[in-house]
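**Q** No sequence on hand, only this structure:
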């Protein structure tokens, strides 16, 4: 199996509207990369869980990249997510799972945030 998969992974919230920006990013990625197998996943409150998304993609992919839609690394990304991914690797031993840095550590994302904020201040 050579297909690659992508999981956009967020914290989650009780309000389903919270996930709308992630859905928009997923739609943009899907438009730019229609061949890519992709899922959204959440740590809590919203479905699917990270485990569900990984297991679903494992049937279609040989490799998955998990992209945390977090501003920075903190407790969840340092402790909880590695444990969840270790469990997923045990359930899917033939699947390669890579954890990307959180989006907030990307220079491209930081530049976009700075441009947005600076544009607001200029009016």
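**A** Nice, I can see it. The structure displayed is predicted, hence computed values, not measured ones.

**Q** those strands in the chain, which residues are they?
**A** Here the chain has its strands, by DSSP state E, at 4-10, 37-42, 63-68, 96-99.

**Q** confidence score at residue 74?
**A** Looking at residue 74, its pLDDT reads 83.

**Q** What is the neighbour count of it?
**A** 11 (other CB atoms under 10 Å). Any C-beta I mention is one placed from the backbone N, CA and C, and that applies to glycine too.

**Q** any idea how far it lies from residue 8?
**A** For residue 74, the distance to residue 8 (CB to CB, to the nearest Å) stands at 18 Å.

**Q** still on that earlier bit, most packed of the strands of the chain?
**A** With neighbours taken as mean count of other CB atoms under 10 Å, the strands of the chain reach their highest mean count in strand 4-10, at a mean of 23.

**Q** and that strand, what other elements does it pack with?
**A** When contacts are defined as 3 or more CB pairs under 8 Å, 6 or more residues apart in numbering; DSSP states H and E, strand 4-10 packs onto helix 20-32, strand 37-42, helix 50-58, strand 63-68.
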